[in-house]
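Colleague: any chance you can model this:
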Amino acid sequence: MDAYSQVVPYDTKKYENVMDSILNTAKDSSCIVLFNHDNFATMSIFIRELYKHANKINKDESNKNIDLKQNLHTIV
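Modeller: Okay, the predicted model is just below:
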């Protein structure tokens, strides 16, 4: 974990189920994620981890193609 990630008071691994739900390719709709604007550091790190998780899924499961630029909308 790099120095930037250390501002988060929790382990991002705990949120893998949330990330899996957001990245669920079984649904054909976009996903909207709401963030509290007071916690910008957490939001930034969560989005970065979400992209990492999507890349991992895309590499591990060749039949899935997750494109967060198209399917993820964040509201701050």
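Colleague: Ile45 should be in a helix, yeah?
Modeller: Yes - counting by DSSP: H, G, I helix; E, B strand; the rest coil, Ile45 is found in a helix.
Colleague: report the separation between it and Glu61.
Modeller: According to C-beta to C-beta, to the nearest Å, Ile45 and Glu61 sit 24 Å apart. To be clear about C-beta, it is placed using only N, CA and C from the backbone, and glycine gets the same treatment.
Colleague: swap in Ser44?
Modeller: Relative to Glu61, and taking C-beta to C-beta, Ser44 is found at 26 Å.
Colleague: now do Leu68
Modeller: 16 Å.
Colleague: tell me which of those two has more neighbours.
Modeller: Leu68 (17 against 11; other C-beta atoms under 10 Å).
Colleague: residue contacts, the residue nearest to the more buried one when sequence neighbours are not counted?
Modeller: The shortest distance from Leu68 to any non-neighbouring residue, by C-beta to C-beta, 6 or more residues apart in numbering, is to Ala54 (5.4 Å). Neighbouring residues of Ala54 by C-beta atoms under 8 Å, 6 or more residues apart in numbering: Leu23, Ile66, Leu68.
Colleague: count of neighbours near Asn71?
Modeller: 16.
Colleague: correction: the previous question concerned Lys64.
Modeller: The tally of other residues near Lys64 (other C-beta under 10 Å) stands at 14.
Colleague: the residue nearest to Met43 when sequence neighbours are not counted and Val18: what is the separation?
Modeller: Of all residues beyond its chain neighbours, the one nearest Met43 is Phe35 (4.1 Å), with distances taken as C-beta to C-beta, 6+ apart. Counting by C-beta to C-beta, the separation of Phe35 from Val18 is 12 Å.
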